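*Asks:* Need a 3D model of the following:
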Amino acid sequence: MAADQLLPKPPVPPDPETCCQRGCYPCIFDYYDKALERWEGRVRVLGHDPAEVMDRLSREP
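*Replies:* Modelled structure (predicted):
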């Protein structure tokens, strides 16, 4: 089993049209940013670089 398969999946970024543009706090993007921070922390704890993992995932078909 590949090491990447053991890593948690990163959060899916919201579609830009999901935001109502009213300056809500928290905005849907604030929730995404927090989820991304938690994901990055988990990936680091598992001994990986989140940027490298995200790059590999972005190149997958």
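
*Asks:* What are the boundaries of the helices in the protein?
*Replies:* With helices called from DSSP state H, the chain shows them at 3-6, 28-45, 50-59.

*Asks:* Would you point to the one among the ones you listed that's packed deepest?
*Replies:* Greatest average neighbour count among the helices of the chain goes to helix 28-45 (a mean of 14), per mean count of other Cβ atoms under 10 Å. C-beta coordinates here come from the backbone N, C-alpha and C atoms, glycine included.

*Asks:* returning to what we had before: kindly report which one of the helices of the chain carries the lowest mean pLDDT.
*Replies:* Note on these: helix 3-6 shows the lowest mean pLDDT, a mean of 69.

*Asks:* any chance of the helices of the chain in a markdown table, with distance to P13 too?
*Replies:* A markdown table is the format used below for the helices of the chain (distance: least, Cβ to Cβ, whole Å):
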| stretch | distance to P13 |
| --- | --- |
| helix 3-6 | 19 |
| helix 28-45 | 6 |
| helix 50-59 | 11 |
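
*Asks:* Of these, which is nearest E17?
*Replies:* helix 28-45 (10.4 Å; Cβ to Cβ).

*Asks:* Run the angle between that closest one and helix 50-59 for me.
*Replies:* Helix 28-45 and helix 50-59 meet at an angle of 110 degrees, taking axes from the mean of the first three to the mean of the last three Cα atoms, to 10 degrees as the criterion.

*Asks:* Just checking the distance from helix 28-45 to the centre of its chain.
*Replies:* The chain centre lies 6 Å from the centre of helix 28-45; the measure is Cα atoms, centre = their mean, to the nearest Å.

*Asks:* and if you look at stretch 17-31?
*Replies:* With Cα atoms, centre = their mean, you get 17 Å for stretch 17-31.

*Asks:* and if you look at stretch 40-57?
*Replies:* Offset of stretch 40-57 from its chain centre (Cα atoms, centre = their mean): 10 Å.

*Asks:* got the contact list for the nearest residue to R44 once chain neighbours are set aside?
*Replies:* Ranked by Cβ to Cβ, 6 or more residues apart in numbering and with sequence neighbours excluded, the top spatial neighbour of R44 is P50, at 6.5 Å. Residues in contact with P50 (Cβ atoms under 8 Å, 6 or more residues apart in numbering) are W39, E40, V43, R44.
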